[in-house]
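1. this one's structure only:
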């Protein structure tokens, strides 16, 4: 009879241990699910940030290419412009084109 009682106590202890293990596994799985969700959220944030940065880089590259094209066009236009062969500077030539006005009277 005591052997049966020991076997029953052992079975009960084992059942409690199995229950505790099952509970611990469920808790660990829930914690893992929470960690996965947090990881996915963080991953989504980083991906959105990466896309934003890549967009800014692309816009900067396009702006740089446009600026280079504009500069090349300006250089080509400057090369094609007629040159002053008198040796005078462009600003002096420009200044000679403006008639001077003399003020009359005093203020």
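-> That came through, no problem. Quick caveat: nothing in here was measured; it's all calculated off a predicted structure.

2. Tell me how many other residues surround residue 55.
-> Look at residue 55: counted by other C-beta atoms under 10 Å, it has 10 neighbours. No exception for glycine: its C-beta is placed from N, CA and C like everyone else's.

3. go on, the one 10 residues further on?
-> Other residues near residue 65 come to 10 when the count uses other C-beta under 10 Å.

4. Spell out the secondary structure type for it.
-> Following DSSP: H, G, I helix; E, B strand; the rest coil, residue 65 is assigned to helix.

5. And residue 83, by the same measure?
-> Reduced to three states by three-state DSSP, residue 83 is coil.

6. what bits of this protein have low per-residue confidence?
-> The model of the chain has pLDDT under 70 over residues 1, 84-107.

7. for it, what spans make up the helices?
-> Under the criterion DSSP state H, helices of the chain are mapped to 2-80, 90-97.

8. Off-centre distance for the first one?
-> So that's helix 2-80. The gap between where helix 2-80 is centred and where its chain is centred comes out at 17 Å by C-alpha atoms, centre = their mean, to the nearest Å.

9. Spatially central residue in this protein, please.
-> Nearest to the geometric centre of the chain sits residue 53, at 2.1 Å (C-alpha atoms, centre = their mean).

10. need the contact list for that residue.
-> Residue 53 is in contact with no residue at all, counting by C-beta atoms under 8 Å, 6 or more residues apart in numbering.

11. where's it relative to residue 61, distance?
-> According to C-beta to C-beta, to the nearest Å, residue 53 and residue 61 sit 13 Å apart.

12. same deal with residue 45?
-> Distance from residue 45 to residue 61, by C-beta to C-beta: 25 Å.

13. And residue 36, by the same measure?
-> On the measure of C-beta to C-beta, residue 36 and residue 61 end up 36 Å apart.
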